[in-house]
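Undergrad: What follows is a predicted structure for the sequence shown.
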Amino acid sequence: MTTPHQPTGVLAYDGTTPVGWCGVGPRAQLHRLTRSRTMPSIDDIPVWTVICFVVRSGHRRKGVAHALLDGAVSFARSHGAPVIEGYPADPGRGRINSSAAHVGTIGLFAAAGFELVEETKARSARKPRWLMRLDLRTGS
């Protein structure tokens with residue numbers, strides 16, 4: 001038996017021009033994550049996961065990633081996700097280069113209400129990546 005295909009992300013537009021994409025979906029359907037040794041599941045909650053961000057050059061640092069994350073949260077909530085999580089990088093006091101920023105930063109996720117849960121074994125540009133979560137069951 002096959003399951004209906006779930007969309008794998010949300011898009012951001014500037015007018016009619018797509019300027020960004022955020023990958024999001026049920027973690028259980030993201031096979032690389034279900035087998036991950038650097039970002040293992042921490043419990044049995046059927047979480048949704050924000051995988052990555054792509055923002056078109058010329059539109060970066062204009063709030064597109066924030067809008068994408070807000071859209072990902074809304075999308076997960078509308079599909080009944082109890083919790084949504086991400087694995088953003090911690091740039092420390094510096095900045096992270098754009099090639100490593102595809103996972104987001106802890107500041108981006110914190111601004112959307114996500115909370116730090118634990119540091120993972122994963123790295124992005126040698127920066128630690130954290131498991132951050134937002135509980136969608138509380139109505140926040």
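TA: That came in fine, so what should we check first? Numbers count the residues shown, from 1 in each chain.
Undergrad: What are the boundaries of the helices in the protein?
TA: Applying DSSP state H to the chain gives helices spanning 31-34, 64-78, 106-111.
Undergrad: Which neighbouring elements make contact with the second one?
TA: In terms of contact count using 3 or more CB pairs under 8 Å, 6 or more residues apart in numbering; DSSP states H and E, helix 64-78 is assigned the packing partners strand 9-14, strand 17-26, strand 48-55, strand 83-86, helix 106-111. Every C-beta, even on glycine, is put in place using the N, C-alpha and C of the backbone.
Undergrad: ok, now the last one?
TA: Counting contacts by 3+ CB pairs under 8 Å, 6+ apart, helix 106-111 packs against helix 64-78, strand 127-135.
Undergrad: Kindly reformat the helices and strands packed on helix 64-78 as CSV containing mean neighbour count and mean pLDDT.
TA: Output for the helices and strands packed on helix 64-78, formatted as CSV (neighbours: other CB atoms under 10 Å; pLDDT from 0 to 100):
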stretch, mean neighbour count, mean pLDDT
strand 9-14, 17, 95
strand 17-26, 19, 96
strand 48-55, 23, 95
strand 83-86, 24, 98
helix 106-111, 17, 96
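Undergrad: Great, nothing more from me.
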